[in-house]
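Engineer: based on what follows, work out the 3D shape:
(one chain, ligands or ions: 1)
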Amino acid sequence: MTPGARVAAAIEVLTDMAEGAAAEQALTRWARRSRFAGSKDRAAVRDHVFDVLRRRRLAAHHGGDEGPRNLMIGLLHLQGEILGDLFSGEGHAPSPLGKAEAPLVSEPTDRAVAWNLPDWLVPKFEESLGENAEAAALALTERAPVTLRINTGKTTRSDAMHLLASEGVETRENRLCATALTVTKGARKIRNTKAFLDGLVELQDAASQAVVAALPAGGRVLDYCAGGGGKALALAADPARDVFAHDVDPGRMQDLAPRAARAGVRISEVQGPALKREAPFDTVLCDAPCSGSGAWRRAPEGKWTLSPERLAELTTIQDGILDEAVELVTFDGLLAYATCSVLRDENEARIAAFLERHTDWRQVFERRFHVGPEGDGFYTAHLIRAS
Ligand SMILES: C[S@@+](CC[C@H](N)C(=O)[O-])C[C@H]1O[C@@H](n2cnc3c(N)ncnc32)[C@H](O)[C@@H]1O
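Structural biologist: Numbers count the residues shown, from 1 in each chain. Presented below is the predicted three-dimensional model:
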């Protein structure tokens, strides 16, 4: 496909989304009816669509409105592309720009537009992040870094770096966590490398790794909201730990067993009676469902679908999870809370509310991770019984 044809395809996908499809669904539908598209084409179209989602308000500002074609015009203008080359009308490229379609060059004066956030989230960002609000909002408009976790049970950071480099994947040491490598070249090859297939490395954000690294070593540890198992796998890399994984929706853990087998670690899945039988645990990690606002670079649709009502609903779920988890911690154990959110409502405010409901508990650790080149926005807090 030519660069122009890829732009036309992205407009097609955005049109499907404007009619109600989710991004992944629209991309899959386009790929199914476009068998001629190779993997590089599919990746390029996906990049266009996700770049638009990260910068939708700014793209609409420069492109004129939120129409799919206008969004692409605005985005490509922001990226410094020569629009005439892409909108040539030749082959499968979109038709040439009309006079009224020239991109607006002036910068927006509205902060929500400049920060690429829905209006209601600007005060939320300010209240949550203070002077870091603008930097966080702008960081969320960029593509996310690709980060690996080295499996310390099987390799070292320098051996993994050498092995990956020999297979065309270049990395650098990540500053957030000793197990993390930031991929600087060859990211699309990772899943086919021997290092990945043999379980020497896993894809995982560095802040997510740092949340696990902050937990005490050893003991019986429950990952109460295990989902796909990213944190459970990182926990299990410590051979002194017995790791248990639980999720309210066990279907979400379906990849956990093959991932654990690849990593050469043991994780026991516990649901219902098995959870009760195995409790209590020395450490219970609640990696709670959240807005995902710290990871909107990776899943930018969430930025536009989150509503104040959904945020309130999430905080109720988060409180419920902490209240359930309290019952699962040994008397002198640790209850750890984490989200990939930058919003105070889902972080500090949840811990404050927990401490009001459970006056026999106290907080012993808290850390916020800012969205940036090293990793996603994350929050974690550790709680123990006060006595
Ligand atoms: C942020 S995701 C977990 C991500 C995972 N820990 C990882 O690192 O890959 C949150 C998970 O919490 C689960 N969940 C939601 N409500 C829950 C509840 N009441 N109890 C346990 N898990 C819950 C969801 O099904 C979802 O898989």
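
Engineer: partners of the helix or strand hosting Val183, with directions?
Structural biologist: In this structure, Val183 sits in strand 180-185 according to DSSP states H and E. The strands beside strand 180-185 in its sheet (DSSP bridges) come out as strand 147-150 (antiparallel), strand 170-173 (antiparallel).

Engineer: who's in contact with the next helix-or-strand element following the first one?
Structural biologist: Right, strand 147-150. Per DSSP H and E, the first helix or strand lying C-terminal to strand 147-150 is helix 157-166. By CB atoms under 8 Å, 6 or more residues apart in numbering, the residues outside helix 157-166 that reach it are 148, 150, 155, 170-171, 173, 178-179, 181, 186, 190, 193-195, 200-201. All C-beta atoms are positioned from the backbone trio N, CA, C, and that covers glycine.

Engineer: and if we set it to 7 Å?
Structural biologist: Contacts with helix 157-166, where a contact means CB atoms under 7 Å, 6 or more residues apart in numbering, come from Ile150, Thr171, Glu173, Leu181, Thr193, Lys194, Ala195, Leu200, Val201.

Engineer: ok, stretch 47-56 next?
Structural biologist: The contact list for stretch 47-56 (CB under 7 Å, 6+ apart) reads 6-7, 10, 13-14, 23, 27, 59, 71-72, 75, 78, 116, 140-141, 297, 300-301, 304.

Engineer: which ones among the residues you listed lie within helices?
Structural biologist: Of the contacts of stretch 47-56, the ones assigned to helices by DSSP state H are 6-7, 10, 13-14, 23, 27, 59, 71-72, 75, 78, 301, 304.

Engineer: all helices of the stretch 251-387 of the chain, in order?
Structural biologist: With DSSP state H, counting those that start in this stretch, the ranges of helices along the stretch 251-387 of the chain come out as 256-263, 272-278, 301-305, 308-326, 348-357.

Engineer: figure out which of the ones you listed is closest to the ligand.
Structural biologist: helix 308-326 (4.8 Å; CB to the nearest ligand atom).

Engineer: just want the angle from that closest one to helix 348-357.
Structural biologist: 50 degrees (axes from the mean of the first three to the mean of the last three CA atoms, to 10 degrees).

Engineer: quick one, what contacts the residue most central in space within the chain?
Structural biologist: Centroid-nearest residue in the chain: Ala295, 3.6 Å away (criterion: CA atoms, centre = their mean). Residues in contact with Ala295 (CB under 7 Å, 6+ apart) are Cys340, Asp376.

Engineer: hmm, what's the outermost residue in this protein?
Structural biologist: Outermost residue of the chain (CA atoms, centre = their mean): Lys99, 39.5 Å.

Engineer: return the distance of the residue nearest to the centre of the chain relative to the ligand.
Structural biologist: Plainly put, Ala295 is 9 Å away from the ligand if you go by CB to the nearest ligand atom, to the nearest Å.
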